[in-house]
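[1] below: sequence and its predicted model.
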Amino acid sequence: MAKWFETHLPKIVLAPSFIAILIFVYGFIAWTAWVSLTRSRLLPKYQIEGFIQYERLFDSPRWDTAMNNLYIFGGLFIGVSMILGLILAILLDQQIRVEGAIRTIYLYPMALSMIVTGTAWKWILNPGLGLEAMVKGWGYENFTFDWLVNPDMAIYTVVLAAIWQSSGFVMALFLAGLRSVDTEIIRAAQIDGIPTWRVYVSIIIPSMAPIFLSAFIVLAHLAIKAFDLVIALTGGGPGYATDLPATYMYAMAFSRGDIGQAAASAMIMMLVVFAIVVPYLYSELRARND
Amino acid sequence: MKYTTLAAISSLALSVATAGHAEPQAEVLHWWTSGGEAKAVGVLQEEFAENGGTWTDMPVAGGGGDAAMTALRARVLSGNAPTAVQLKGPAIQEWYEEGVLADISSVAEAEGWADVLPASIAAHMKCEDTWCASPVNVHRVDWIWANAEVLEANGIEMPTTWDEFNAAAEKLQEAGVIPLAHGGQAWQDATVFETVVLGLGGPEFFQKALVDLDPEALTSDTMKASFDQMRTLRGYVDDNFSGRDWNLATAMVMNGEAAFQIMGDWAKGEFLAAGKVPGEDFLCASTPGDGYLYNVDSFAMFNVDGDDKKAGQDLLAKLIVGPNFQKVFNMNKGSIPVRTDVSLDEFDMCAQKSSEDMTAASDSGALLPSYAHGMALRGAQAGAITDVVTAHFNSDMSSDEAVQMLADAVANSM
């Protein structure tokens, strides 16, 4: 009896969370997929009507804008955060004084919620209150910085705020990666008289590949589920110029009583996540089997 | 726990007092939680209690009713709907089609609602042939508010056509005043748009385009002209309008920074709260053109079990349309009574004008539902139009492109 218990205890302990995940994650994914094939409006209906909601979705110019914004936002946010984080990490790694204090300063934006970040940047970028008004107040009357109210540029303000929030976190990840590189190899390279930049480019950065992947996965899912930042910073505006898939889905499900449409957009969002996560899982699992 | 015990004891005590008579119970879901609104609901609550009812308040704030609608959906799906819910316009019909609304025709007939409510507003309260909702108030949407001092200083009269408005705006711009105070939020863009459509196209065109969604009307020259006027108005708005709340725009008119604002009569509440006097400090007029766009708040009655709840529903419906509540509530809220037989002596001049115009418009068939405030269309269609209006207003899209997009978006939302 005791032996049986010993072998089965892990399964028993894990069972409740396994069942919960099965129902509340995979069960509801299946439910959403079902609803996305119906003509549900205010309340969910279960009569399957085919791909009508997906046709409507791809015909909608607002969804196009949302997906384009996701590419712009995701690409720039992930790319710039990683480059900036890497540069900061390398600079911090030069055995400088008060490194701990500086690290904390760069990491602190991560401690703020996106709502706070969005609200603060909304005021900073507001042409009548923030940066533009300040520089004009200094006497430079022709200075304009109206990205927040310019429909073509507004999405870049979201990128800016998100990078400010996350690059410190990426820096911390990379710093840990830099510290984990074998110092023996670096010393050996230094003895051979190889310049420092070459050491970074050819030895340290390639050996940090797993960290890059982790950073990418963390940033990518932040980008795809980005919602609160847009709501706080621009409210999706001007017009719907800064709509993202998540804000589109919210508008359809909760403001417009168009649940079928919301479910279809949620499914597409999930496919985008899959497109990123599946190759990652594949490479991870393959590495373990080797 | 304490509350449930208390409620149980008090309901027990009351049921003994009324011996065998069903005690009216009402659970009311609404999102009137801010200052003046909460006070207005308090009036109804008191009156309900005076008539021997027990009111269970269920306020759900947030998102302009989105949060309340989410709560309602959860309650209906779990088979435990509230007695009465703050709903309006086509949303009432949408819920009726889900088969969850109750029939309050007996109250409506006993109280003679058909005789005291304007016909087009009464139509919203009916689900097929039965009454299923009771109207609370009428907000007029097509108001234009102005700072009296600024207009006088620049020698401008209240405009009665859009051309006059444009001329006045040019003059104001030269004088260094922002002609139009506006907040760049989608619903505010939509509010201005519908008053422009009404003004340029007239009531018949408005009905065809924004109520019946006639594709020909949507792509007509009148619609193009309306988008042209929106583009012109964009030039009269300051650069910093994006995302501004409507009450901040009202404040700009109040302190003379801007001359006009186009907004429903809830803006009046802001003026009055700041101690401004209508006709002296600020002016109210209908936006250029004929017609009257209404935004009517109402309570829809849901199917509930139990005589006590049904009695509560009937009592609530009767009180909401009752003359006393209509008067007291609307004085607090800034709107006008939905009944045409309530004396308006104690109301301000803007409310009196609103009421006169409503009666006149009702007779001439120009009493129309506001699309921007969810009275004319269902969520998906209204949202599709608003997307186009706000995309046009906030970019350099041409009017030809805009009408084409409008027709496509409406077709896609069906």
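    Alright, I've got the coordinates.

[2] show me what counts as buried in stretch A:201-219.
    For stretch A:201-219, burial by neighbour count (16 or more other CB atoms under 10 Å in any protein chain shown) applies to A:203-205, A:208, A:211-212, A:215-216, A:218-219. C-betas here are computed from N, CA, C, even on glycine.

[3] start to end distance for it?
    End-to-end distance of stretch A:201-219 (CA to CA, to the nearest Å): 23 Å.

[4] contacts for that stretch, please.
    With contact meaning CB atoms under 8 Å, 6 or more residues apart in numbering or on different chains, stretch A:201-219 is reached by A:77-78, A:81-82, A:85-86, A:166, A:169-170, A:173-174, A:176-178, A:181-182, A:185-186, A:189, A:194, A:276-277, A:280, A:283.

[5] among those residues, which are in reach of chain B?
    Among the contacts of stretch A:201-219, no residue sits close to chain B (CB under 8 Å from any CB of the partner chain).

[6] in helices, which of these appear?
    If you go by DSSP state H, the contacts of stretch A:201-219 have A:77-78, A:81-82, A:85-86, A:166, A:169-170, A:173-174, A:176-178, A:185-186, A:189, A:276-277, A:280, A:283 in helices.

[7] quick check: PyMOL command selecting the buried ones in the residues you listed.
    Buried residues within the ones in helices among the contacts of stretch A:201-219, by 16+ other CB under 10 Å, are selected in PyMOL with:
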select buried, chain A and resi 77+78+81+82+85+86+166+169+170+173+174+177+178+186+189
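
[8] so which residues on chain A come close to chain B?
    Contact residues, chain A versus chain B (CB under 8 Å from any CB): A:41-43, A:56, A:59-62, A:122, A:126-128, A:146, A:148-149, A:151-152, A:234-241, A:251, A:254-258, A:261.

[9] are any of those residues buried, and if so which?
    The buried subset of those - by 16+ other CB under 10 Å - is A:41-42, A:56, A:60-62, A:122, A:126-127, A:146, A:148-149, A:151, A:234-241, A:251, A:254-258, A:261.

[10] list the contacts for whatever residue of the stretch 51-200 of chain B ends up closest to chain A?
    In the stretch 51-200 of chain B, the residue that lies nearest chain A is B:Asp66 (4.7 Å; CB to the nearest CB). Going by CB under 8 Å, 6+ apart, B:Asp66 touches A:254-255.

[11] okay, and it sits in which element?
    helix B:66-77 (DSSP states H and E).

[12] might you list the low-confidence residue ranges for chain B?
    Residues of chain B meeting the criterion pLDDT under 70: B:1-22, B:35-36, B:62-64.

[13] walk me through the domains of it.
    Chain B breaks down into these domains under automatic domain parsing: B:18-140+B:296-351, B:143-293+B:372-413.

[14] give me the neighbour count for B:Glu401.
    Per other CB atoms under 10 Å in any protein chain shown, the neighbour tally for B:Glu401 reads 15.

[15] how far off centre is the one helix or strand it maps to?
    When elements are assigned from DSSP H and E, B:Glu401 belongs to helix B:399-413. Relative to the mean C-alpha coordinate of its chain, helix B:399-413 is positioned 26 Å out (CA atoms, centre = their mean, to the nearest Å).

[16] against which helices or strands is it packed?
    helix A:52-59, helix A:61-92, helix B:215-218, helix B:221-234, helix B:379-393 (3 or more CB pairs under 8 Å, 6 or more residues apart in numbering or on different chains; DSSP states H and E).

[17] all strands for the chain, in order.
    Since you didn't name a chain, this refers to chain A. Taking DSSP state E as the criterion, chain A contains no strands.

[18] correction: the question concerned chain B.
    So, for chain B - with DSSP E - the strands run B:25-30, B:54-59, B:84-87, B:126-127, B:130-131, B:133-140, B:143-147, B:178-181, B:258-262, B:282-286, B:292-301, B:367-369.

[19] JSON lines please, covering those strands and showing distance to B:Val237 and mean neighbour count.
    Output for the strands of chain B, formatted as JSON lines (distance: least, CB to CB, whole Å; neighbours: other CB atoms under 10 Å in any protein chain shown):
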{"stretch": "strand B:25-30", "distance to B:Val237": "33", "mean neighbour count": "23"}
{"stretch": "strand B:54-59", "distance to B:Val237": "34", "mean neighbour count": "16"}
{"stretch": "strand B:84-87", "distance to B:Val237": "32", "mean neighbour count": "27"}
{"stretch": "strand B:126-127", "distance to B:Val237": "40", "mean neighbour count": "18"}
{"stretch": "strand B:130-131", "distance to B:Val237": "43", "mean neighbour count": "18"}
{"stretch": "strand B:133-140", "distance to B:Val237": "22", "mean neighbour count": "26"}
{"stretch": "strand B:143-147", "distance to B:Val237": "14", "mean neighbour count": "24"}
{"stretch": "strand B:178-181", "distance to B:Val237": "5", "mean neighbour count": "25"}
{"stretch": "strand B:258-262", "distance to B:Val237": "9", "mean neighbour count": "27"}
{"stretch": "strand B:282-286", "distance to B:Val237": "19", "mean neighbour count": "22"}
{"stretch": "strand B:292-301", "distance to B:Val237": "21", "mean neighbour count": "26"}
{"stretch": "strand B:367-369", "distance to B:Val237": "25", "mean neighbour count": "24"}
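
[20] dump these to a markdown table, plus distance to B:Ala311.
    Shown next, in a markdown table, are the strands of chain B (distance: least, CB to CB, whole Å):
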| stretch | distance to B:Ala311 |
| --- | --- |
| strand B:25-30 | 7 |
| strand B:54-59 | 11 |
| strand B:84-87 | 13 |
| strand B:126-127 | 21 |
| strand B:130-131 | 17 |
| strand B:133-140 | 15 |
| strand B:143-147 | 39 |
| strand B:178-181 | 48 |
| strand B:258-262 | 44 |
| strand B:282-286 | 41 |
| strand B:292-301 | 12 |
| strand B:367-369 | 32 |
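
[21] could you dump those to a markdown table with distance to chain A?
    Listed next are the strands of chain B as a markdown table, based on distance: least, CB to the nearest CB, whole Å:
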| stretch | distance to chain A |
| --- | --- |
| strand B:25-30 | 15 |
| strand B:54-59 | 18 |
| strand B:84-87 | 11 |
| strand B:126-127 | 15 |
| strand B:130-131 | 20 |
| strand B:133-140 | 16 |
| strand B:143-147 | 19 |
| strand B:178-181 | 11 |
| strand B:258-262 | 13 |
| strand B:282-286 | 23 |
| strand B:292-301 | 13 |
| strand B:367-369 | 17 |
